[in-house]
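Colleague: no FASTA, just this:
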Ligand SMILES: C=C(O[C@@H]1C=C(C(=O)O)C=C[C@H]1O)C(=O)O
């Protein structure tokens with residue numbers, strides 16, 4: 001249990017997810033913006049009666065299948081689709097001691113979907129429509145699920161910090177003192193080091209050393225990746241940490 005909630009071990013998962021997220025953004029950037037993918041009812045001919053977007057439909061199908069494989073019984077996985085629309089697993093539940101305080105668990109995937117489709121996709125893709133709706137949505141699902149894991153891992157960070165200083169956190173929680181909770185969970189040095197590392201990784205990935213330069217279509221703008229974390233991923237992770245703490249006792 002100690003290993004499970006060791007803050008350094010938890011942070012190493014966040015570092016590893018940086019690579020997953022950068023590479024999934026590079027894959028998505030291979031296709032045009034394909035804005036139709038995100039527009040409700042834009043595929044009403046192909047999907048009669050479906051009120052959501054093409055992406056919503058692909059997400060539901062993907063998550064239905066993954067739910068059968070027990071994905072959403074894992075405390076680090078949260079669906080974008082309505083959980084009541086997902087089937088029960090075909091596998092028996094895994095017996096393990098719960099790590100998170102279940103009543104404090106929160107799902108912010110609606111906010112992730114919003115910033116990803118409205119800001120990130122337009123900033124990493126060529127404008128226009130290349131008709132590659134299947135590939136586009138498949139890459140979107142991969143990216144959204146990686147970002148979701150990253151943001152919701154904030155609950156493990158929060159639980160680890162809580163257990164390390166129960167009295168201090170309980171005082172702030174009982175007073176509903178959000179400002180103090182935000183200050184207690186915020187580690188500016190960790191954030192600064194992360195953004196520097198992220199810029200370095202995004203600048204390096206997609207490089208082809210043998211050709212002496214970068215393969216431009218293999219890259220995403222490092223500034224976009226840094227800004228995504230600075231403006232969305234980190235702030236939303238901290239929202240998850242604080243929301244979790246407010247319901248921890
Ligand atoms: C995730 C943590 O909590 C906060 C959020 C961070 C992030 O989202 O990258 C980094 C540091 C903290 O401000 C942590 O302490 O590692």
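Modeller: On my side now, so go ahead. Values in this document were obtained by computation on a predicted structure and should not be read as measured data.
Colleague: how about the residues of the protein that lie near the ligand?
Modeller: 11, 154, 157, 185-187, 190-191, 194, 234, 237-238, 241 (CB under 6 Å from any ligand atom). (Glycine included, C-beta is placed from N, CA and C.)
Colleague: Can you select the buried ones among the residues you listed for me in PyMOL?
Modeller: To isolate the buried subset of these in PyMOL, counting by 16 or more other CB atoms under 10 Å, use the following:
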select buried, resi 11+154+157+185+194+234+237+238+241
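Colleague: With pLDDT and distance to residue 20 as extra columns, can I get the residues of the chain next to the ligand in TSV?
Modeller: Output for the residues of the chain next to the ligand, formatted as TSV (pLDDT from 0 to 100; distance: CB to CB, whole Å):
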residue	pLDDT	distance to residue 20
11	96	15
154	98	16
157	98	18
185	98	23
186	98	24
187	98	22
190	97	19
191	98	19
194	98	15
234	98	17
237	98	15
238	98	21
241	98	21
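Colleague: Among the residues of the chain next to the ligand, which lie within helices?
Modeller: 11, 154, 157, 185, 190, 191, 194, 234, 237, 238, 241 (DSSP state H).
Colleague: Make TSV out of those and add distance to residue 45.
Modeller: Formatted as TSV, those follow (distance: CB to CB, whole Å):
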residue	distance to residue 45
11	47
154	41
157	45
185	48
190	49
191	46
194	45
234	41
237	40
238	43
241	44
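Colleague: which residues touch residue 14?
Modeller: Counting by CB atoms under 8 Å, 6 or more residues apart in numbering, residue 14 makes contact with 150, 153, 157, 194.
Colleague: who's in contact with the nearest residue to residue 10 once chain neighbours are set aside?
Modeller: Excluding its sequence neighbours, the residue lying closest to residue 10 (CB to CB, 6 or more residues apart in numbering) is residue 156, at 5.0 Å. Residue 156 makes contacts with 5, 10, 13, 75, 76, 99, 100, as judged by CB under 8 Å, 6+ apart.
Colleague: now do residue 242
Modeller: So residue 242 contacts 158, 178, 181, 182, 185 (CB under 8 Å, 6+ apart).
Colleague: what do you get for residue 140?
Modeller: Residues near residue 140 by CB under 8 Å, 6+ apart: 28, 37, 55, 58, 116, 117, 121.
Colleague: In CSV: those residues, plus neighbour count, pLDDT and secondary structure.
Modeller: What follows is these, written out as CSV (neighbours: other CB atoms under 10 Å; pLDDT from 0 to 100; DSSP: H, G, I helix; E, B strand; the rest coil):
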residue, neighbour count, pLDDT, secondary structure
28, 24, 98, helix
37, 24, 98, helix
55, 26, 98, helix
58, 19, 98, helix
116, 22, 98, helix
117, 18, 98, helix
121, 25, 98, helix
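Colleague: which secondary structure elements does the helix or strand residue 113 falls within contact?
Modeller: Element membership for residue 113 (DSSP states H and E) is helix 109-115. Judged by 3 or more CB pairs under 8 Å, 6 or more residues apart in numbering; DSSP states H and E, helix 109-115 is in contact with helix 133-152, helix 234-246.
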